[in-house]
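*Asks:* can't give you the sequence, but here's the structure:
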């Protein structure tokens, strides 16, 4: 064989060797990083899987039949797909078992996961069909289902320099019941300062005086910048609050009128202008069959969450709390 033919052949062989070697290295790094993450979450056992493939070209890969177990708590997933560079990943058919308690998740899609100094700075995560079993026979009867199915949307952005953290999406959609969508911004805490505790076992943190003191200090410094929550009824009111008790033959309209009468009593008894107006608006929304309420807290300046909690504990009325937090609401 001539030298001209040998050179391309050698290049091909070299590329194959590099591909296989890089693939093997990436597999090791992926397993290592997953085990490190599991260890930081308190798991001492290593991850198990039946198959692992990684492409050095796309830097993406897939794990099949993944499992992790610790002290009776077991995680199993049919598939974990990921990208080493972007940190995007998707977990399919996850089962979390703790003894007889079993929670299932159809899919967890990590669409964005950017770190700064090892701390999450920007994330977008969607959870599809988180399935919680319902133990209460009464709740089962009311919702006519054996499980709660919840879709979750999470989007966060952190400004570590200004110590401002926004949850632009903190959404929980309870299928056939209610959509709860939140936007939350808080500040005043150095999240990065918790990095020193990452390697500490969660159980050990409970007895760590330094960690306990830091949490107390940060709770004192924590401030609420803004909060918006939108709740849209998709059947929860009728199934959980307006459904008839056993032996009750009243109609839905009659039960609404009964609840309206109870609100009338609250209106007559309360001395708080805010609570009186709230009860009046709740009654109007009930009778007009409105399905959505938007609650906002927009303080003029970031307000201490500890101050709000202490004010509430010391008996501050809703009028005072509304003044502190800029609390408003609207029924739609």
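*Replies:* All right, it came through fine. All values derive from a computational prediction rather than experimental measurement.

*Asks:* State the distance from residue 93 to residue 102.
*Replies:* According to C-beta to C-beta, to the nearest Å, residue 93 and residue 102 sit 13 Å apart. Backbone N, C-alpha and C define where each C-beta goes, glycine included.

*Asks:* tell me, how many neighbours does the nearest residue to residue 117 once chain neighbours are set aside end up with?
*Replies:* Nearest residue to residue 117, sequence neighbours excluded (C-beta to C-beta, 6 or more residues apart in numbering): residue 192, at 6.1 Å. Residue 192 has 16 neighbouring residues, counting by other C-beta atoms under 10 Å.

*Asks:* Dig out what the closest residue to residue 127 other than its chain neighbours forms beta bridges with.
*Replies:* Computed as C-beta to C-beta, 6+ apart, the closest residue to residue 127 that is not its neighbour in sequence is residue 152, at 3.9 Å. Beta bridges link residue 152 to residue 127, residue 172 when assigned by DSSP bridges.

*Asks:* I figured residue 152 was touching residue 171, is that so?
*Replies:* Yes: between residue 152 and residue 171 there is a contact under C-beta atoms under 8 Å: 6.6 Å.

*Asks:* quick one: which of these two has more around it?
*Replies:* residue 171 (20 against 17).

*Asks:* That one and residue 114, how far apart?
*Replies:* On the measure of C-beta to C-beta, residue 171 and residue 114 end up 20 Å apart.

*Asks:* and what of residue 277?
*Replies:* 44 Å.

*Asks:* Show me the shaky parts of the stretch 151-300 of the chain.
*Replies:* Residues of the stretch 151-300 of the chain meeting the criterion pLDDT under 70: 199-203.

*Asks:* Name the residues of stretch 248-260 that are buried.
*Replies:* Buried residues in stretch 248-260, defined by neighbour count with 16 or more other C-beta atoms under 10 Å: 255, 256, 259.

*Asks:* what's the closest residue to residue 255 other than its chain neighbours sitting at in phi/psi?
*Replies:* Distances taken as C-beta to C-beta, 6+ apart put residue 242 closest to residue 255, at 5.0 Å, once the chain neighbours are dropped. The phi/psi pair for residue 242 (degrees, to the nearest 10) reads phi -120, psi 10.

*Asks:* Residue 242 touches residue 259, doesn't it?
*Replies:* Yes: under the criterion of C-beta under 8 Å, residue 242 makes contact with residue 259 at 7.1 Å.

*Asks:* isn't there a strand covering residue 109?
*Replies:* Yes: counting by DSSP: H, G, I helix; E, B strand; the rest coil, residue 109 falls inside a strand.

*Asks:* ok, now which ones touch it?
*Replies:* 90, 125, 126, 127, 128 (C-beta atoms under 8 Å, 6 or more residues apart in numbering).

*Asks:* For the residue nearest to residue 180 when sequence neighbours are not counted, grab the count of nearby residues.
*Replies:* Nearest residue to residue 180 in three dimensions, chain neighbours excluded: residue 172, at 4.7 Å (C-beta to C-beta, 6+ apart). Residues contacting residue 172 under the criterion other C-beta under 10 Å number 17.

*Asks:* what's the answer for residue 58, then?
*Replies:* 10.

*Asks:* Use 28 as the first number for this chain going forward.
*Replies:* Understood, numbering begins at 28; the last thing we discussed is residue 85.

*Asks:* measure it to residue 351 for me?
*Replies:* 52 Å.

*Asks:* for residue 234, same thing?
*Replies:* In terms of C-beta to C-beta, residue 234 sits 35 Å off from residue 351.

*Asks:* and what of residue 331?
*Replies:* 9 Å.

*Asks:* ranges for the helices of this protein?
*Replies:* Ranges of helices in the chain, per DSSP state H, are 30-67, 164-170, 229-232, 236-248, 263, 279-296, 300-314, 332-340, 345-352.
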